[in-house]
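# A predicted structure for the sequence below; I have some questions about it.
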Amino acid sequence: DSFFNAKTKTWTNVQQPEGCTEPLPRAFCQFIMTPINQLMRAIMDDQKDKYEKMMGTLGIVLKGDDKSLTGKPLMKRTMQIWINAADTLLSMIVTKLPSPKQ
């Protein structure tokens, strides 16, 4: 596991390095899961100003009828734009699947 110490701006493999009073969150949780969770929670709680600001920062642009979506349909559309599963899956297949020639 990797951890990021925001106070010292350093990466470490120790969850609670010397000088820290609290354990550090895992880097995956801190930089990947927490932002996704915050965006999804803001959408589901209908905090429009918060999720619009986050979507602007992430480069997620809603077009046409997508702008009128709320709740779960908005969350689904946001994830389709932001983390396109089809492109991600294709990329994973290309890089990880062994060649049939071998």
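Sure, I can see it. Numbering: from 1, shown residues only.
# quick one: contacts for Phe31?
Phe4 (CB atoms under 8 Å, 6 or more residues apart in numbering). No exception for glycine: its C-beta is placed from N, CA and C like everyone else's.
# any idea how far Ile60 is from it?
As for Phe31, its distance to Ile60 is 18 Å (criterion: CB to CB, to the nearest Å).
# tell me where this protein has helices.
All helices of the chain, identified by DSSP state H, fall at 27-28, 34-44, 48-58, 71-82, 85-96.
# for the ones you listed, which one sits closest to Phe4?
Evaluated over those, closeness to Phe4 peaks at helix 27-28, with 5.1 Å, by CB to CB.
# so, low pLDDT: which residues of this structure?
Along the chain, segments meeting pLDDT under 70 span 102.
# now the helices of the chain as TSV including distance to Thr10 and mean neighbour count?
Formatted as TSV, these follow (distance: least, CB to CB, whole Å; neighbours: other CB atoms under 10 Å):
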stretch	distance to Thr10	mean neighbour count
helix 27-28	12	13
helix 34-44	19	16
helix 48-58	25	14
helix 71-82	29	15
helix 85-96	30	9
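# just put those in TSV and tack on distance to Asn5.
Formatted as TSV, the helices of the chain follow (distance: least, CB to CB, whole Å):
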stretch	distance to Asn5
helix 27-28	10
helix 34-44	16
helix 48-58	24
helix 71-82	28
helix 85-96	30
